[in-house]
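Asks: What follows is a predicted protein model with its sequence.
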Amino acid sequence: MSVTNATHRSAGTPAASQTATRRGDPADASRGGALVVSGVSVKYQSQGDEQPVLAVDDVSLEAAPGEFVAIVGPSGCGKSTLLKAVAGLLPTSSGSVSFGGETQARLGFVFQSDALLPWKTAAENVEIAIKMSFRQVSKGRLSKAKLQEKAIELLEQFGLGESTHKYPAQLSGGMRKRVALARAVAYEPSAFLMDEPFSALDAQTRIRVGNFFLRMLEDLGQTVLFVTHDIEEAVAMADRVIVLSKGPGRVIETINVTIPRPRDYHDTRFHPLFKDLQQRVWDSLGYSQGATSGDGE
Ligand SMILES: Nc1ncnc2c1ncn2[C@@H]1O[C@H](COP(=O)(O)OP(=O)(O)OP(=O)(O)O)[C@@H](O)[C@H]1O
(Lines give C-alpha, C1' and ligand atoms only; values in the text may rest on other atoms or scores of the structure.)
Protein backbone atom coordinates (compact mmCIF):
# COMPACT_ATOMS: atom_id res chain seq x y z
CA MET A 1 0.00 0.00 0.00
CA SER A 2 1.13 3.48 -0.57
CA VAL A 3 0.71 6.98 0.52
CA THR A 4 -1.50 9.32 -1.36
CA ASN A 5 -1.82 12.99 -1.99
CA ALA A 6 -4.82 15.09 -1.38
CA THR A 7 -6.26 14.79 -4.86
CA HIS A 8 -7.84 11.39 -4.59
CA ARG A 9 -9.20 10.10 -1.35
CA SER A 10 -7.57 6.80 -0.71
CA ALA A 11 -7.78 3.58 1.17
CA GLY A 12 -4.72 1.54 1.60
CA THR A 13 -2.90 4.38 3.18
CA PRO A 14 -2.67 4.08 6.94
CA ALA A 15 -5.76 6.18 7.03
CA ALA A 16 -7.82 4.19 4.61
CA SER A 17 -10.91 2.17 5.17
CA GLN A 18 -14.52 1.35 4.49
CA THR A 19 -17.31 0.00 6.60
CA ALA A 20 -19.17 -3.23 6.49
CA THR A 21 -22.47 -1.41 6.77
CA ARG A 22 -22.45 -0.84 3.03
CA ARG A 23 -21.26 -4.29 2.08
CA GLY A 24 -23.90 -6.35 0.31
CA ASP A 25 -26.20 -3.44 -0.33
CA PRO A 26 -27.20 -3.69 -4.00
CA ALA A 27 -28.13 -0.03 -4.03
CA ASP A 28 -24.47 0.67 -3.59
CA ALA A 29 -23.37 -1.32 -6.61
CA SER A 30 -21.54 0.58 -9.32
CA ARG A 31 -21.20 3.63 -7.17
CA GLY A 32 -18.89 6.20 -8.64
CA GLY A 33 -18.62 6.99 -12.34
CA ALA A 34 -16.24 5.90 -15.06
CA LEU A 35 -12.52 6.13 -14.47
CA VAL A 36 -11.11 8.07 -17.42
CA VAL A 37 -7.39 8.33 -18.07
CA SER A 38 -6.75 10.70 -20.91
CA GLY A 39 -3.40 11.14 -22.64
CA VAL A 40 -1.36 10.58 -19.49
CA SER A 41 2.43 10.81 -19.69
CA VAL A 42 4.74 10.55 -16.71
CA LYS A 43 8.41 11.54 -16.56
CA TYR A 44 10.98 10.88 -13.86
CA GLN A 45 13.80 13.29 -13.18
CA SER A 46 16.57 11.30 -11.52
CA GLN A 47 19.74 12.70 -10.03
CA GLY A 48 22.50 12.66 -12.62
CA ASP A 49 20.12 12.55 -15.60
CA GLU A 50 20.19 15.71 -17.65
CA GLN A 51 16.82 15.03 -19.21
CA PRO A 52 13.77 13.58 -17.47
CA VAL A 53 13.04 9.99 -18.42
CA LEU A 54 9.69 9.26 -20.00
CA ALA A 55 8.14 6.25 -18.22
CA VAL A 56 4.53 6.41 -19.49
CA ASP A 57 3.72 7.83 -22.88
CA ASP A 58 0.31 9.27 -23.75
CA VAL A 59 -1.83 6.53 -22.22
CA SER A 60 -5.58 6.77 -22.50
CA LEU A 61 -7.94 4.20 -21.05
CA GLU A 62 -11.37 3.99 -19.51
CA ALA A 63 -12.93 1.73 -16.93
CA ALA A 64 -16.70 1.83 -16.76
CA PRO A 65 -18.30 1.69 -13.31
CA GLY A 66 -17.94 -1.86 -12.06
CA GLU A 67 -15.52 -2.84 -14.80
CA PHE A 68 -12.39 -4.85 -14.04
CA VAL A 69 -9.49 -3.69 -16.22
CA ALA A 70 -6.14 -5.46 -16.04
CA ILE A 71 -2.91 -3.88 -17.24
CA VAL A 72 -0.06 -6.10 -18.42
CA GLY A 73 3.23 -5.34 -20.11
CA PRO A 74 6.95 -6.07 -19.99
CA SER A 75 8.90 -5.42 -16.82
CA GLY A 76 9.80 -1.74 -16.56
CA CYS A 77 7.21 -0.61 -19.11
CA GLY A 78 5.57 1.77 -16.66
CA LYS A 79 2.63 -0.18 -15.21
CA SER A 80 3.27 0.83 -11.59
CA THR A 81 4.06 4.38 -12.65
CA LEU A 82 0.77 4.61 -14.52
CA LEU A 83 -1.17 3.27 -11.52
CA LYS A 84 0.52 5.71 -9.17
CA ALA A 85 -0.30 8.57 -11.52
CA VAL A 86 -3.94 7.45 -11.63
CA ALA A 87 -3.90 7.33 -7.83
CA GLY A 88 -2.59 10.87 -7.70
CA LEU A 89 0.64 9.71 -6.04
CA LEU A 90 2.79 10.90 -8.93
CA PRO A 91 2.38 14.05 -10.99
CA THR A 92 1.61 13.62 -14.66
CA SER A 93 3.58 15.62 -17.21
CA SER A 94 0.52 15.70 -19.42
CA GLY A 95 -3.00 14.34 -19.56
CA SER A 96 -5.72 13.98 -16.96
CA VAL A 97 -7.45 11.48 -14.71
CA SER A 98 -11.07 11.67 -13.60
CA PHE A 99 -13.60 9.54 -11.77
CA GLY A 100 -17.15 10.16 -12.87
CA GLY A 101 -16.01 13.53 -14.17
CA GLU A 102 -14.51 14.47 -10.80
CA THR A 103 -10.88 14.58 -9.74
CA GLN A 104 -11.69 12.99 -6.35
CA ALA A 105 -12.83 9.49 -5.56
CA ARG A 106 -12.76 6.97 -2.75
CA LEU A 107 -9.91 4.76 -3.84
CA GLY A 108 -8.67 1.49 -2.38
CA PHE A 109 -4.96 1.01 -2.98
CA VAL A 110 -3.10 -2.24 -2.87
CA PHE A 111 0.42 -1.54 -4.00
CA GLN A 112 3.55 -3.63 -3.92
CA SER A 113 4.59 -2.53 -0.45
CA ASP A 114 1.96 -3.19 2.20
CA ALA A 115 2.62 0.00 4.25
CA LEU A 116 0.88 -1.30 7.36
CA LEU A 117 1.26 0.72 10.53
CA PRO A 118 3.91 -1.27 12.41
CA TRP A 119 2.74 -0.18 15.86
CA LYS A 120 -0.82 -1.40 15.25
CA THR A 121 -2.02 -5.00 15.22
CA ALA A 122 -3.52 -6.54 12.09
CA ALA A 123 -7.02 -5.90 13.47
CA GLU A 124 -6.19 -2.31 14.41
CA ASN A 125 -4.81 -1.62 10.93
CA VAL A 126 -8.13 -2.74 9.48
CA GLU A 127 -10.15 -0.93 12.16
CA ILE A 128 -8.64 2.39 11.13
CA ALA A 129 -9.93 1.82 7.61
CA ILE A 130 -13.39 0.84 8.82
CA LYS A 131 -13.55 3.85 11.11
CA MET A 132 -12.52 6.24 8.37
CA SER A 133 -15.01 4.89 5.91
CA PHE A 134 -17.83 4.91 8.43
CA ARG A 135 -17.12 8.55 9.20
CA GLN A 136 -16.99 9.51 5.53
CA VAL A 137 -20.00 7.51 4.43
CA SER A 138 -22.36 7.42 7.38
CA LYS A 139 -20.95 10.48 9.13
CA GLY A 140 -21.15 8.48 12.32
CA ARG A 141 -19.05 6.51 14.77
CA LEU A 142 -18.85 2.85 15.59
CA SER A 143 -18.18 1.53 19.08
CA LYS A 144 -14.73 0.02 19.64
CA ALA A 145 -16.35 -3.40 20.10
CA LYS A 146 -18.20 -3.13 16.78
CA LEU A 147 -15.07 -1.94 15.00
CA GLN A 148 -13.13 -4.89 16.38
CA GLU A 149 -15.85 -7.32 15.41
CA LYS A 150 -15.94 -6.05 11.83
CA ALA A 151 -12.16 -6.02 11.48
CA ILE A 152 -11.87 -9.59 12.78
CA GLU A 153 -14.72 -10.74 10.53
CA LEU A 154 -12.93 -9.30 7.52
CA LEU A 155 -9.52 -10.68 8.47
CA GLU A 156 -11.13 -14.12 8.83
CA GLN A 157 -12.27 -13.84 5.22
CA PHE A 158 -8.62 -13.47 4.30
CA GLY A 159 -7.61 -16.49 6.38
CA LEU A 160 -6.11 -14.40 9.17
CA GLY A 161 -8.50 -15.27 11.98
CA GLU A 162 -5.61 -16.57 14.09
CA SER A 163 -3.42 -13.51 13.56
CA THR A 164 -5.70 -10.58 14.26
CA HIS A 165 -3.76 -9.61 17.40
CA LYS A 166 -0.33 -9.82 15.79
CA TYR A 167 1.82 -6.88 14.71
CA PRO A 168 3.04 -6.58 11.08
CA ALA A 169 6.59 -7.59 12.12
CA GLN A 170 5.18 -10.86 13.43
CA LEU A 171 3.51 -11.71 10.11
CA SER A 172 4.91 -13.25 6.93
CA GLY A 173 5.04 -11.18 3.72
CA GLY A 174 1.96 -12.97 2.36
CA MET A 175 0.07 -12.40 5.61
CA ARG A 176 0.95 -8.71 5.62
CA LYS A 177 -0.27 -8.46 2.04
CA ARG A 178 -3.56 -10.03 3.09
CA VAL A 179 -3.96 -7.52 5.93
CA ALA A 180 -3.30 -4.77 3.39
CA LEU A 181 -5.96 -6.25 1.10
CA ALA A 182 -8.42 -6.50 3.99
CA ARG A 183 -7.72 -2.88 4.82
CA ALA A 184 -8.37 -1.75 1.26
CA VAL A 185 -11.60 -3.76 1.16
CA ALA A 186 -12.60 -2.36 4.56
CA TYR A 187 -12.54 1.12 3.10
CA GLU A 188 -15.35 0.21 0.69
CA PRO A 189 -13.89 2.32 -2.09
CA SER A 190 -15.65 3.01 -5.35
CA ALA A 191 -12.52 1.91 -7.22
CA PHE A 192 -9.58 -0.32 -6.43
CA LEU A 193 -6.13 0.46 -7.83
CA MET A 194 -4.07 -2.69 -7.41
CA ASP A 195 -0.46 -3.42 -8.23
CA GLU A 196 0.39 -7.12 -8.08
CA PRO A 197 -1.90 -7.54 -5.08
CA PHE A 198 -1.71 -11.34 -5.00
CA SER A 199 1.92 -11.83 -5.98
CA ALA A 200 3.17 -12.50 -2.44
CA LEU A 201 0.51 -15.13 -1.76
CA ASP A 202 1.04 -18.89 -1.96
CA ALA A 203 -1.01 -20.72 -4.59
CA GLN A 204 -3.83 -21.85 -2.30
CA THR A 205 -4.18 -18.50 -0.55
CA ARG A 206 -4.15 -16.77 -3.92
CA ILE A 207 -7.17 -18.81 -5.03
CA ARG A 208 -8.98 -18.21 -1.77
CA VAL A 209 -8.31 -14.47 -1.70
CA GLY A 210 -8.88 -14.14 -5.46
CA ASN A 211 -12.29 -15.76 -5.12
CA PHE A 212 -13.22 -13.69 -2.10
CA PHE A 213 -12.31 -10.58 -4.06
CA LEU A 214 -14.26 -11.68 -7.17
CA ARG A 215 -17.38 -12.46 -5.07
CA MET A 216 -17.11 -9.09 -3.34
CA LEU A 217 -16.93 -7.30 -6.69
CA GLU A 218 -19.98 -9.22 -7.90
CA ASP A 219 -21.88 -8.01 -4.84
CA LEU A 220 -20.70 -4.41 -4.80
CA GLY A 221 -19.61 -3.66 -8.34
CA GLN A 222 -16.50 -1.62 -7.66
CA THR A 223 -14.29 -0.59 -10.55
CA VAL A 224 -10.83 -2.17 -10.61
CA LEU A 225 -7.58 -1.18 -12.29
CA PHE A 226 -5.28 -4.13 -11.74
CA VAL A 227 -1.60 -4.38 -12.67
CA THR A 228 -0.23 -7.91 -12.92
CA HIS A 229 2.64 -9.86 -14.44
CA ASP A 230 0.45 -12.93 -14.49
CA ILE A 231 -1.34 -13.23 -17.84
CA GLU A 232 -3.51 -16.09 -16.60
CA GLU A 233 -4.60 -14.05 -13.61
CA ALA A 234 -5.39 -11.06 -15.85
CA VAL A 235 -7.59 -13.16 -18.17
CA ALA A 236 -9.25 -15.04 -15.30
CA MET A 237 -10.28 -11.87 -13.50
CA ALA A 238 -10.64 -9.00 -15.95
CA ASP A 239 -13.33 -7.77 -18.31
CA ARG A 240 -10.60 -6.21 -20.43
CA VAL A 241 -6.85 -6.66 -20.58
CA ILE A 242 -4.84 -3.63 -21.66
CA VAL A 243 -1.41 -4.49 -23.05
CA LEU A 244 1.35 -1.90 -22.72
CA SER A 245 4.43 -1.76 -24.94
CA LYS A 246 7.93 -1.91 -23.51
CA GLY A 247 8.90 1.37 -21.91
CA PRO A 248 7.95 4.08 -22.20
CA GLY A 249 4.59 2.34 -21.87
CA ARG A 250 1.97 2.96 -24.52
CA VAL A 251 -1.28 1.08 -25.02
CA ILE A 252 -0.72 -1.42 -27.82
CA GLU A 253 -3.89 -3.48 -27.57
CA THR A 254 -7.04 -3.95 -25.54
CA ILE A 255 -8.44 -7.46 -25.35
CA ASN A 256 -12.05 -8.02 -24.27
CA VAL A 257 -12.42 -11.03 -22.03
CA THR A 258 -15.78 -12.47 -23.01
CA ILE A 259 -15.83 -15.27 -20.45
CA PRO A 260 -19.11 -14.91 -18.56
CA ARG A 261 -19.36 -14.10 -14.85
CA PRO A 262 -19.50 -15.25 -12.15
CA ARG A 263 -15.98 -16.54 -12.50
CA ASP A 264 -13.80 -18.67 -10.31
CA TYR A 265 -10.22 -17.45 -9.84
CA HIS A 266 -8.86 -20.91 -10.63
CA ASP A 267 -11.50 -22.86 -12.59
CA THR A 268 -12.03 -20.08 -15.14
CA ARG A 269 -8.70 -21.22 -16.60
CA PHE A 270 -10.51 -24.32 -17.91
CA HIS A 271 -13.23 -22.33 -19.71
CA PRO A 272 -13.22 -23.08 -23.47
CA LEU A 273 -12.45 -19.43 -24.33
CA PHE A 274 -9.59 -19.09 -21.87
CA LYS A 275 -6.63 -20.48 -23.81
CA ASP A 276 -7.42 -18.46 -26.89
CA LEU A 277 -7.73 -15.22 -24.93
CA GLN A 278 -4.53 -15.96 -23.05
CA GLN A 279 -2.74 -16.56 -26.34
CA ARG A 280 -4.03 -13.28 -27.72
CA VAL A 281 -2.43 -11.46 -24.81
CA TRP A 282 0.85 -13.32 -25.33
CA ASP A 283 0.71 -12.54 -29.06
CA SER A 284 0.15 -8.91 -28.29
CA LEU A 285 3.22 -8.97 -26.05
CA GLY A 286 5.20 -10.40 -28.94
CA TYR A 287 5.42 -14.01 -27.86
CA SER A 288 4.51 -16.52 -30.55
CA GLN A 289 2.73 -19.77 -29.73
CA GLY A 290 5.10 -22.28 -28.17
CA ALA A 291 7.68 -19.65 -27.18
CA THR A 292 9.24 -20.61 -23.88
CA SER A 293 11.68 -17.87 -23.09
CA GLY A 294 11.71 -14.14 -22.68
CA ASP A 295 12.50 -11.59 -20.04
CA GLY A 296 9.15 -10.04 -19.54
CA GLU A 297 5.47 -10.49 -19.86
N1 LIG B 1 11.40 6.84 -8.83
C2 LIG B 1 11.89 6.65 -10.04
N3 LIG B 1 12.85 7.45 -10.54
C4 LIG B 1 13.34 7.28 -11.78
N5 LIG B 1 12.91 6.32 -12.62
C6 LIG B 1 11.96 5.48 -12.18
C7 LIG B 1 11.41 5.59 -10.87
N8 LIG B 1 10.47 4.62 -10.72
C9 LIG B 1 10.45 3.93 -11.87
N10 LIG B 1 11.35 4.44 -12.74
C11 LIG B 1 11.58 3.99 -14.12
O12 LIG B 1 10.36 4.10 -14.82
C13 LIG B 1 10.19 2.99 -15.68
C14 LIG B 1 8.86 2.31 -15.36
O15 LIG B 1 8.95 1.75 -14.06
P16 LIG B 1 7.70 1.00 -13.42
O17 LIG B 1 8.08 0.56 -12.07
O18 LIG B 1 6.50 1.84 -13.58
O19 LIG B 1 7.57 -0.25 -14.41
P20 LIG B 1 6.69 -1.57 -14.26
O21 LIG B 1 6.12 -1.86 -15.60
O22 LIG B 1 5.73 -1.42 -13.13
O23 LIG B 1 7.83 -2.62 -13.87
P24 LIG B 1 7.71 -4.05 -13.17
O25 LIG B 1 6.75 -4.85 -13.98
O26 LIG B 1 9.10 -4.60 -13.27
O27 LIG B 1 7.25 -3.83 -11.76
C28 LIG B 1 11.40 2.09 -15.49
O29 LIG B 1 12.33 2.37 -16.51
C30 LIG B 1 11.96 2.52 -14.16
O31 LIG B 1 13.36 2.34 -14.11
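Replies: Yep, that arrived.

Asks: contacts, neighbours, all on C-alpha from now
Replies: OK.

Asks: Quick check: mean pLDDT of the one helix or strand Val59 maps to?
Replies: Val59 is part of strand 53-63 when elements are defined by DSSP states H and E. Averaging pLDDT along strand 53-63 yields 96.

Asks: Contacts for the following helix or strand past that strand, please.
Replies: Once the chain leaves strand 53-63, the next helix or strand it forms, by DSSP H and E, is strand 68-72. Applying Cα atoms under 8 Å, 6 or more residues apart in numbering, the external contacts of strand 68-72 come out as 63, 79, 223-231, 234, 237-244, 297.

Asks: just the buried members of these?
Replies: The neighbour count (16 or more other Cα atoms under 10 Å) marks 63, 79, 223-229, 231, 234, 237-244, 297 as buried among those.

Asks: Which ones among the residues you listed map onto strands?
Replies: With DSSP state E as the criterion, strands contain Ala63, Thr223, Val224, Leu225, Phe226, Val227, Arg240, Val241, Ile242, Val243, Leu244 from among these.

Asks: For the chain, which segments are assigned as strands?
Replies: Taking DSSP E, the strands of the chain run over residues 10-11, 35-44, 53-63, 68-72, 94-99, 107-110, 191-195, 223-227, 240-244, 251-256.

Asks: The fifth one - what's its average pLDDT?
Replies: What it means is strand 94-99. Averaging pLDDT along strand 94-99 gives 94.

Asks: Mind listing what's buried along it?
Replies: Residues of strand 94-99 classed as buried: Ser96, Val97, Ser98, Phe99 (neighbour count, 16+ other Cα under 10 Å).

Asks: what pLDDT does Val209 get?
Replies: At Val209, pLDDT is 87.

Asks: burial count for it?
Replies: Val209 is flanked by 20 other residues according to other Cα atoms under 10 Å.

Asks: just checking, it touches Leu160?
Replies: No. Counting by Cα atoms under 8 Å, Leu160 is not a contact partner of Val209; they are 11.1 Å apart.

Asks: Okay, and the beta partners of the one residue sitting closest to the centre of the chain?
Replies: The centre of the chain sits closest to Met194, judged by Cα atoms, centre = their mean, with a distance of 1.8 Å. Beta-bridge partners for Met194, by DSSP bridges, are Val110, Phe226.

Asks: check contacts around it.
Replies: For Met194, the contact set (Cα under 8 Å, 6+ apart) comprises Leu83, Gly108, Phe109, Val110, Phe111, Val224, Leu225, Phe226, Val227.

Asks: Tabulate these in TSV, adding columns for pLDDT and distance to the ligand.
Replies: Below are the contacts of Met194 laid out as TSV (pLDDT from 0 to 100; distance: Cα to the nearest ligand atom, whole Å):
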residue	pLDDT	distance to the ligand
Leu83	96	8
Gly108	88	18
Phe109	86	15
Val110	87	14
Phe111	84	11
Val224	96	17
Leu225	97	13
Phe226	97	11
Val227	97	8
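
Asks: Ser284 reaches Val251, doesn't it?
Replies: No. Look at Ser284 against Val251 with Cα under 8 Å: they stay out of range, at 10.6 Å.

Asks: Identify the contacts common to those two.
Replies: Common neighbours of Ser284 and Val251, using Cα under 8 Å, 6+ apart, are Val243.

Asks: buried stuff in stretch 150-166?
Replies: Buried, per 16+ other Cα under 10 Å, within stretch 150-166: Lys150, Ala151, Ile152, Glu153, Leu154, Leu155, Phe158, Leu160, Ser163, Thr164.

Asks: Tell me how far Gln148 lies from the ligand.
Replies: 35 Å (Cα to the nearest ligand atom, to the nearest Å).

Asks: That residue: neighbour count?
Replies: By other Cα under 10 Å, the residues close to Gln148 number 18.

Asks: Give me the residue ranges of the stretch 101-250 of the chain where confidence is low.
Replies: Low-confidence segments of the stretch 101-250 of the chain, defined by pLDDT under 70: 137-139.

Asks: hey, where'd the helices end up in it?
Replies: Using DSSP state H, counting those that start in this stretch, the helices of the stretch 101-250 of the chain run over 122-138, 144-157, 173-186, 203-220, 231-237.
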